[in-house]
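Enquirer: structure for this input, please:
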Amino acid sequence: MLVNGIVNSWAESISKRDPMRMLEFYSDNAVLLATYSNLLVGKDQILDYFIHFLDKEDLKCTITYNNTQLDYDKDTSIYNGFYTFSFREYGQYKEVHARYTYVVNLNKIITHHSSLLPE
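Expert: From the prediction side, this is the model:
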């Protein structure tokens with residue numbers, strides 16, 4: 001499984017729970033269609049999302065499958081796959097299985113879609 005450096009770094013950075021660190025992965029006018037949010041456009045909206053999303057105890061993200069389309073147009077690559085978020089909520093361990101698409105241009109995420117896996 002080939003996982004691009006930025007996608008792997010994004011997943012590893014989740015456990016640091018640092019919204020500003022997560023924001024560094026995104027371009028200035030990035031679009032995030034997050035698992036638990038409406039469409040977010042630009043760094044201000046994306047930062048607000050991560051402030052709330054990262055407040056989960058023992059939060060981790062594990063990539064379980066990745067499909068990579070490298071050099072889609074020489075500067076842009078597309079990554080699709082599955083990841084699992086694990087965390088504690090009200091003392092209970094939880095896992096959320098989701099799918100993702102990242103569009104990365106010049107090593108910045110320009111579009112990121114995440115949604116729950118269908119049952």
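Enquirer: what is the subsequent helix or strand relative to the host helix or strand of residue 8?
Expert: Residue 8 belongs to helix 5-14 when elements are defined using DSSP states H and E. Next helix or strand after helix 5-14 toward the C-terminus (DSSP H and E): helix 19-23.
Enquirer: mind listing what's buried along that next one?
Expert: Within helix 19-23, the residues that count as buried by 16 or more other CB atoms under 10 Å are 19, 22-23. Just so you know, the C-beta spots here come from the backbone N, C-alpha and C atoms, and that holds for glycine as well.
Enquirer: part of a helix, is residue 104?
Expert: No. With DSSP: H, G, I helix; E, B strand; the rest coil as the criterion, residue 104 is strand rather than part of a helix.
Enquirer: re the thing from before, list the buried residues for the helix holding residue 8?
Expert: So, applying 16+ other CB under 10 Å, buried residues of helix 5-14: 6-7, 10-11, 13-14.
Enquirer: chain center to stretch 100-116, what's the gap?
Expert: Stretch 100-116 sits 7 Å away from the centroid of its parent chain (CA atoms, centre = their mean, to the nearest Å).
Enquirer: buried ones in that stretch?
Expert: Buried residues in stretch 100-116, counting neighbours by 16+ other CB under 10 Å, are found at 100, 102-104, 109-114.
Enquirer: grab the CA positions of it and hand them over as PDB.
Expert: Taking Å, rounded to 0.1, in the frame of the first residue of the first chain, the C-alpha atoms of stretch 100-116 are listed here in PDB:
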ATOM      1  CA  TYR A 100     -11.400   9.600   2.300                       C
ATOM      2  CA  THR A 101     -10.400  11.500  -0.900                       C
ATOM      3  CA  TYR A 102      -7.500  13.900  -0.800                       C
ATOM      4  CA  VAL A 103      -6.600  16.000  -3.800                       C
ATOM      5  CA  VAL A 104      -3.000  17.300  -3.200                       C
ATOM      6  CA  ASN A 105      -1.400  20.100  -5.300                       C
ATOM      7  CA  LEU A 106       2.200  21.100  -4.700                       C
ATOM      8  CA  ASN A 107       2.100  19.100  -1.400                       C
ATOM      9  CA  LYS A 108      -0.900  21.000   0.000                       C
ATOM     10  CA  ILE A 109      -4.300  19.500   0.400                       C
ATOM     11  CA  ILE A 110      -6.700  21.500  -1.900                       C
ATOM     12  CA  THR A 111      -9.700  19.200  -1.400                       C
ATOM     13  CA  HIS A 112     -10.400  16.700   1.300                       C
ATOM     14  CA  HIS A 113     -13.600  14.600   1.600                       C
ATOM     15  CA  SER A 114     -14.300  12.300   4.500                       C
ATOM     16  CA  SER A 115     -17.500  10.300   5.200                       C
ATOM     17  CA  LEU A 116     -18.600   7.400   7.300                       C
END
